[in-house]
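# here is the input, now give the coordinates:
(one chain, ligands or ions: 1)
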Amino acid sequence: MSIFPTRGNGSSLDHAKVTVPELMQRKTLAAGSPNKKITCLTAYDYPTGRLVDEAGVDVVLVGDSLGMVMLGYENTLPVTVEEMLHHTRAVRRGVKRAFLIADMPYASYHVSGKETVRNAARFVKAGAEAVKIEGGEKRAALVERLVDAEIPVVGHIGLTPQSLLAMGGYKVQGKSLKDVEQLMHDALALERCGACCVVLEGIPREVAALITHEIEIPTIGIGAGPDCDGQVLVFHDLLGLTFGPPAKFVRRYADLGTVITSAVQNFKDDVKSGGYPSDAESYHLPKDTLVTLQAIAERKRAMTV
Ligand code: KIV
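Residues are numbered from 1 along each chain as shown. Model prediction:
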């Protein structure tokens with residue numbers, strides 16, 4: 001068995017499998033050339049993982065946002081390890097080139113270091129190439145433990161949705177000088193403890209730019225302005241498949257919700273009007289069987305008259 005990772009079609013770096021070292025290199029590349037910025041989207045199942053991967057996105061995140069956009073929970077807090085693993089395995093089957101990150105859900109890394117490593121290892125066995133945990137300085141020891149167990153870690157600071165109760169709602173973070181200072185400590189602590197990159201969510205553009213400049217690992221922003229080393233969006237937000245009004249930073253590249261509703265209504269109308277399925281959309285008997293069947297039916301009819 002070769003110990004070298006599969007490198008797509010091997011013809012250029014753009015087609016190579018994205019790995020931790022390659023991702024970390026993109027820090028310097030992104031600084032000088034915007035076309036080297038890291039692109040990241042969430043995916044939650046085989047078709048979305050495959051579509052995102054084949055479109056050439058660098059990083060696929062099985063986000064715990066799946067609790068809201070796929071499972072209909074009000075927030076991410078109810079999401080379980082089993083649910084995340086189920087979706088991670090499905091995405092894994094669709095993703096070949098992109099780097100695959102799985103979110104550790106709320107309470108899966110909050111109890112003890114031992115339990116955190118055990119849970120994170122389950123994600124690696126399910127096909128994740130890194131796990132993402134929310135929190136900065138206060139997660140430093142955990143990050144070290146995971147890295148020690150050969151599990152790459154992605155940090156996530158700023159507006160951390162699993163802190164919903166403590167934050168009292170989804171609010172932009174890092175607006176006061178004290179908060180900016182804490183965010184900087186958080187980012188530096190994650191870097192020091194071996195995180196391979198860090199998601200910056202819901203913070204002022206200026207703060208994200210400062211952090212991106214100060215740390216040596218790549219930053220991936222969501223609602224953090226354009227100066228990060230990469231950008232991530234939730235798949236369903238990008239495609240107009242969510243129900244509420246989108247957040248300020250969401251750019252909708254398609255309105256698939258409307259497309260789907262219209263297709264479903266057309267199906268319903270066609271069935272009710274008899275327009276679906278048509279004869280061409282039906283299977284048919286072979287000619288000789290049909291002739292025999294018709295003859296039998298004719299004989300039966302004649303006998304009953
Ligand atoms: O769960 C998720 O989708 C995320 C992204 C918003 C970064 O954590």
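
# ok, and the closest non-adjacent residue to whichever residue of the chain sits closest to the ligand?
Going by C-beta to the nearest ligand atom, the ligand is nearest to residue 63 of the chain, at 2.3 Å. The C-beta positions use only the backbone N, C-alpha and C, and glycine is treated the same way. Spatial nearest neighbour of residue 63, chain neighbours left out: residue 42 (4.2 Å); criterion: C-beta to C-beta, 6 or more residues apart in numbering.

# residues contacting stretch 290-304, please?
Contacting residues not belonging to stretch 290-304 are listed as 284, 285 [C-beta atoms under 8 Å, 6 or more residues apart in numbering].

# how far does it sit from the chain's center?
60 Å (C-alpha atoms, centre = their mean, to the nearest Å).

# please identify the buried residues of stretch 109-129?
109, 116, 117, 119, 120, 122, 123, 124, 126, 127, 128, 129 (16 or more other C-beta atoms under 10 Å).

# go on, stretch 248-261?
Of the residues in stretch 248-261, residue 250 count as buried by neighbour count, 16+ other C-beta under 10 Å.

# next, the distance between the ends of it.
Stretch 248-261 stretches 25 Å from its first residue to its last (C-alpha to C-alpha, to the nearest Å).

# mind listing what residue 250 touches?
Taking C-beta under 8 Å, 6+ apart, we find residue 250 in contact with 233, 234, 237, 238.

# which ones are touching the third one?
Which is residue 237. 246, 247, 250, 252.

# need the residues you listed in JSON lines with secondary structure and pLDDT, can you?
Compiled in JSON lines, the contacts of residue 237 are given as follows (DSSP: H, G, I helix; E, B strand; the rest coil; pLDDT from 0 to 100):
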{"residue": "246", "secondary structure": "coil", "pLDDT": "94"}
{"residue": "247", "secondary structure": "coil", "pLDDT": "96"}
{"residue": "250", "secondary structure": "coil", "pLDDT": "98"}
{"residue": "252", "secondary structure": "coil", "pLDDT": "97"}
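
# now could you export just the CA positions of stretch 283-299 as PDB?
These are the backbone C-alpha positions of stretch 283-299, laid out as PDB (Å, rounded to 0.1, in the frame of the first residue of the first chain):
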ATOM      1  CA  TYR A 283     -43.000   0.800 -19.000                       C
ATOM      2  CA  HIS A 284     -44.600  -1.400 -21.700                       C
ATOM      3  CA  LEU A 285     -45.200  -5.100 -22.200                       C
ATOM      4  CA  PRO A 286     -43.400  -6.700 -25.100                       C
ATOM      5  CA  LYS A 287     -45.600  -6.700 -28.200                       C
ATOM      6  CA  ASP A 288     -46.400 -10.500 -28.400                       C
ATOM      7  CA  THR A 289     -47.200 -10.600 -24.600                       C
ATOM      8  CA  LEU A 290     -49.500  -7.600 -25.100                       C
ATOM      9  CA  VAL A 291     -51.300  -9.200 -28.100                       C
ATOM     10  CA  THR A 292     -51.800 -12.500 -26.000                       C
ATOM     11  CA  LEU A 293     -53.100 -10.500 -23.000                       C
ATOM     12  CA  GLN A 294     -55.500  -8.500 -25.200                       C
ATOM     13  CA  ALA A 295     -56.800 -11.800 -26.800                       C
ATOM     14  CA  ILE A 296     -57.400 -13.300 -23.300                       C
ATOM     15  CA  ALA A 297     -59.200 -10.200 -22.200                       C
ATOM     16  CA  GLU A 298     -61.300 -10.300 -25.300                       C
ATOM     17  CA  ARG A 299     -62.200 -14.000 -24.800                       C
END
